[in-house]
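*Asks:* Below is the structure, and that's it, no one-letter string:
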């Protein structure tokens, strides 16, 4: 039976090891960080995630969904916080049956690792930093940062799930004809926590993703099980782009306080020690990675962020990586250990869709920070809901296609563009969804969109 | 006085060391390859280059042009080889005063290294492979591939001129907010030599760049001093793109012979041992590299192919790298050793122009392999010449702006697009340059283009 090395025991690597274990492979997973179950490693990444249909499908396939469901908080829509005035709620789906799930990254990762290790044929090694790879012979080299010992792993194939700054990808980048790009946003992010109220109570609506849209920047908040919220400020790095609304400007307590009081007055009331936490937490970067090919010499394969890191604004990074696992698993079911065929089909199936979700995610930043507070956008959303109701198998809102369906991302991107044109045309010159011209709507939908189902 | 490390003693590194030596800096150059003056290293890159105005300007600044002129062969235009029928000549410039120069890469590099070493304050170390860099402290690490000895170089600044696959760039790529892309063409290239005739005679026109344009692929030839020609076949890698006209198809002597006899019959008559040489020489790749920033911590700076490798179809790779040296030198003259200011201005001046020549070079592939054999293209070229004569300070052909001027590449790109629109409009509906509508031409030029001088 084939022996498989996985580089990285993050979400994608841990899930994949479960899939592969079920197929009977001998799987060795090497993780750069210490075991997060034994130490508080922080992880350096955002603390909570939005688990949705694609990710859930994968968790169901490996039999972990029921367990994860218990630690997930449903978010039924966006709660919009204007600078002044009333909050407003924008539903994500058609009703309470459609929602996204706030899940702790650490808890999900731990559950996946525990599940993986229940299989005798999976072993996870920690503090093992990948230092190189011999692609032709699928030999991977590691350095243990605790013991200082260098080692190598020989196996039939290597799957790199070592994230956006993948060490394996840095090696394959030297291969001729490897196309690669990494592009950073001119925005960074900073995490801040709103603590729970008395007895773990939630101080804002629990079942929503909170957004403070401010045009060129925004604050968001996701609920945690303990009643706290993990909030993230997305802000321009430089004055040249953001003026006073930039990390470059927020250099002392006074400036930070002024900025938050001015733009997020209701947040400030819920947030003790704002300035102290602001300066304690680092500014994170936002990067899009695209590359091709994803597989080499029928020996090595990239998966998840390692080959398609995206910005977080559609909440799809983990979901897309989990979908990679679903499809890689299907390719193995189809082609067995004919790795050339498995890899060829896997990258063909996934590349176009990964490019699409990368673009969708960047688009959604503008939607979240700006459009959700825009009258015309809200009108279009209402028209969209009407069309969805009328043509449920033809006109599915873009957000729903991405979040509540397993429609290929590339289809969602293409149809999303067509639908946006239809919504623009129908919203033109009217001020309320009551004024929709249904004849026009009917012909626009019928002429421009095929049935999806 | 400041101490400077240069990584790479190729064309750009060697030239830069001369510039910096003249400023009195202590310059240490580390080259990965053995000394090409003592061994035949091949170098792995194309054997001859097209030196033009920008590169010549740099060579004049360092006082090397008179020496190089002696080993340069003027090429006054393109000699087009159709599959059947007469050759035709397309002049590059306005007259014999405008030409590009075929120069041996090795000879130019050797001249530059010799010139550099005439300065007591320049030392070049060979077989020193860069293995890492400490950006904050400008310490560079090397491994000598002959002696096996590891060493480090401490200096005030480090300039990386280590080419398209730069080892230094691979290190800075790990820095947050470093944007980077490497993109390969779906075409590769293969070099083949037409030997000299008796007594070193040239078997084709000496003073021309020969092109066999075949639509989706092409062969070109540049003259060498010894009477031979270095020819390069540019061809699709894969059948999926090129059909039978692909490297994938050319797998045995018979197929190679058939392909060349069919598409390049006159070339075959001049080329002995075609099949043998075809399979001896490797297929080279064609890559475009873009990145930003180019400078780090006021300590480290990328230059030439290391930050902007381009495809060779405009003959500007070396010329663009030499222009980097011209401008970096100017920035030092302006700001002294205030490296923050020097680097800031250097990358600001060069980035936009490097992006532009990258795009121009990719465009020119289509022109060389396809358009030069197109009637309408030739008509536009004639109209272009007429407009150039009539408006010499406003309408300069794109090729001339890039090749015979030091007009910023970005200006050449922008004006080139406008001029192409003008030429399309003027050529529309006519069959000869005699039919130009001069009133229309006058208003198009005056309305759309400012004076350049």
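*Replies:* Sure, I can see it. Keep in mind the model is a prediction, meaning the values are calculated, not measured. Numbering: from 1, shown residues only, chains lettered A, B, ... in the order given.
*Asks:* burial count for residue A:137?
*Replies:* Burial of residue A:137 is recorded as 11 neighbouring residues (other CB atoms under 10 Å in any protein chain shown). In this view, the C-beta of every residue, glycine as well, is placed from N, C-alpha and C.
*Asks:* For the stretch 201-350 of chain A, which segments count as helices?
*Replies:* Residue ranges of the helices in the stretch 201-350 of chain A, as given by DSSP state H, counting those that start in this stretch, are A:239-242, A:253-263, A:265-270, A:274-280, A:305-308, A:317-335, A:339-369.
*Asks:* swap that for the stretch 351-453 of chain A, please
*Replies:* Taking DSSP H, counting those that start in this stretch as the criterion, the stretch 351-453 of chain A carries its helices at A:375-390, A:398-403, A:409-427, A:438-448.
*Asks:* Can you tell me the element residue A:187 falls in?
*Replies:* Counting by DSSP states H and E, the secondary-structure element that holds residue A:187 is strand A:179-194.
*Asks:* Just the buried positions in that strand, please.
*Replies:* Counting neighbours by 16 or more other CB atoms under 10 Å in any protein chain shown, one finds that the buried residues in strand A:179-194 are A:180, A:182-185, A:187-194.
*Asks:* now it, how far from the centre of its chain.
*Replies:* Between the mean C-alpha location of strand A:179-194 and the chain-wide mean there is a distance of 12 Å, by CA atoms, centre = their mean, to the nearest Å.
*Asks:* Other residues contacting stretch A:87-97?
*Replies:* Defining contact as CB atoms under 8 Å, 6 or more residues apart in numbering or on different chains, one finds that stretch A:87-97 is touched by A:75-82, A:98-100, A:205, A:208, A:372, A:378, A:381, A:385, A:388-389, A:399-400, A:403-404.
*Asks:* give me the subset of the buried residues of strand A:179-194 touching chain B.
*Replies:* A:180, A:182-184 (CB under 8 Å from any CB of the partner chain).
*Asks:* Quick check: closest non-adjacent residue to the closest residue to chain B within chain A.
*Replies:* The nearest approach of chain A to chain B comes at residue A:181, 3.6 Å away (CB to the nearest CB). Across the structure, with CB to CB, 6 or more residues apart in numbering or on different chains as the measure, the residue nearest residue A:181 apart from its sequence neighbours is residue B:181 (3.6 Å).
*Asks:* isn't that neighbour right up against residue B:287?
*Replies:* No: Residue B:181 is beyond contact range of residue B:287, at 10.1 Å (criterion: CB atoms under 8 Å).
*Asks:* Indicate each strand paired with the strand holding residue A:187 and its parallel or antiparallel sense.
*Replies:* Applying DSSP bridges to the sheet, strand A:179-194 is found paired with strand A:229-236 (antiparallel), strand A:284-292 (antiparallel), strand B:179-194 (antiparallel).
*Asks:* can you list those strands in CSV and add mean pLDDT?
*Replies:* Below are the strands paired with strand A:179-194 laid out as CSV (pLDDT from 0 to 100):
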stretch, mean pLDDT
strand A:229-236, 97
strand A:284-292, 97
strand B:179-194, 97
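*Asks:* Looking at the ones you listed, spot the one closest to residue B:116.
*Replies:* With CB to CB, the closest approach to residue B:116 among these belongs to strand B:179-194: 27.8 Å.
*Asks:* and the helices of the stretch 201-350 of chain A, which is most packed in?
*Replies:* Comparing these by mean neighbour count (mean count of other CB atoms under 10 Å in any protein chain shown), helix A:305-308 comes out on top with a mean of 28.
*Asks:* How about residues contacting it?
*Replies:* If you take CB under 8 Å, 6+ apart as the criterion, helix A:305-308 is touched by A:8, A:12, A:160-164, A:166, A:168-169, A:289-291, A:294, A:317, A:320-321, A:350, A:354-355, A:357-358.
*Asks:* Farthest pair within the buried residues of strand A:179-194?
*Replies:* Of all pairs drawn from the buried residues of strand A:179-194, the one with the largest separation by CB to CB is A:180 and A:194; the distance is 38.8 Å.
*Asks:* Serialize the strands paired with strand A:179-194 to a markdown table and add fields for distance to residue B:260.
*Replies:* Compiled in a markdown table, the strands paired with strand A:179-194 are given as follows (distance: least, CB to CB, whole Å):
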| stretch | distance to residue B:260 |
| --- | --- |
| strand A:229-236 | 57 |
| strand A:284-292 | 32 |
| strand B:179-194 | 9 |
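*Asks:* so where's the stretch 201-350 of chain A uncertain?
*Replies:* For the stretch 201-350 of chain A, not a single residue meets the criterion pLDDT under 70.
*Asks:* Up against chain B, what does it have?
*Replies:* With CB under 8 Å from any CB as the criterion, the stretch 201-350 of chain A comes near chain B at residues A:237, A:285.
*Asks:* give me the number of residues near the nearest residue to residue A:359 once chain neighbours are set aside?
*Replies:* Excluding the flanking residues, the one nearest residue A:359 by CB to CB, 6+ apart is residue A:413, at 6.1 Å. Using other CB under 10 Å as the criterion, residue A:413 is surrounded by 21 other residues.
*Asks:* same check, this time on residue A:83
*Replies:* Residues contacting residue A:83 under the criterion other CB under 10 Å number 13.
*Asks:* Alright, I will stop here.
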